[in-house]
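> Make a model of this:
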Amino acid sequence: MLDADLAELYGVNTKRLNEQVKRNLGRFPTDFMFQLTRKEAEALRSQIATSKAGRGGRRTLPYAFTEHGAVMLASVLSSPIAVQASIQVVRAFVRLREILATHKELARKMDAMEKKYDTQFKVVFDAIRQLMAPPVSKRRPIGFRSSDKE
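Residues are numbered from 1 along each chain as shown. So this is what the prediction gives:
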């Protein structure tokens, strides 16, 4: 997402968002955020019909943020929406940890049951283990990819 879009989402202006990013650059490695090239920014300008450079439009190149960068922004901004977003991220990670702990406990119990019963149930246990395995993700990576390098 672009800095202007995230600024609107978090209830701050773009200038304030970019100030906070610059003050916290160590929190934004290149896989969290990058700045568009002039050519990329011009291509966006023609697609979204913003004003021409020098006529009241944006004077700096926009930043683009990955999903990790968008989450990190929530932790460096102090708007009420950003604070709530940070809280929700923490809650999601706590819940994920609880789910993983439950999954490990289930796997431990399955191992105990498998040892207790004879091999005729091996097929059943193998099928259950396949169902417990997380699905293999074939999703494309998220983020902007430039075809030409400048």
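
> pull the helix or strand with minimum mean pLDDT from this protein.
Within the chain, no helix or strand scores below helix 122-132, which has a mean of 72 by mean pLDDT, DSSP states H and E.

> for the longest helix along the chain, what is the average pLDDT?
Counting residues, the longest helix found in the chain (DSSP state H) is helix 80-116. In this model, helix 80-116 has a mean pLDDT of 81.

> buried ones in it?
Neighbour-count burial for helix 80-116, counted by 16 or more other CB atoms under 10 Å, picks out 82, 85, 86, 114. Just so you know, the C-beta spots here come from the backbone N, C-alpha and C atoms, and that holds for glycine as well.

> Let me have those residues in a markdown table, extended by distance to residue 101.
Below are the buried residues of helix 80-116 laid out as a markdown table (distance: CB to CB, whole Å):
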| residue | distance to residue 101 |
| --- | --- |
| 82 | 29 |
| 85 | 25 |
| 86 | 23 |
| 114 | 21 |
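
> Give me the spatial nearest neighbour of the residue nearest the centre of the chain, chain neighbours excluded.
By CA atoms, centre = their mean, the chain has its centre lying nearest to residue 67, at 2.4 Å. Among residues not flanking residue 67 along the chain, residue 142 sits closest, at 5.8 Å (CB to CB, 6 or more residues apart in numbering).

> thinking residue 129 is in contact with residue 111, fair?
No. Applying CB atoms under 8 Å, one finds residue 129 not in contact with residue 111, separated by 9.8 Å.

> In terms of pLDDT, where does residue 26 sit?
94.

> That one: neighbour count?
Number of residues near residue 26 (other CB atoms under 10 Å) recorded here: 6.

> Surely it is within a strand?
No. Per DSSP: H, G, I helix; E, B strand; the rest coil, residue 26 lies outside any strand segment and is helix.

> Pull the contacting residues for residue 61.
Residues near residue 61 by CB atoms under 8 Å, 6 or more residues apart in numbering: 35, 36, 37, 38, 41.

> Hmm, the last one is touching residue 62, no?
Yes. Using CB under 8 Å, residue 41 is in contact with residue 62, at 6.1 Å.

> Endpoints of stretch 10-17, how far apart?
With CA to CA, to the nearest Å as the measure, the ends of stretch 10-17 fall 9 Å from one another.
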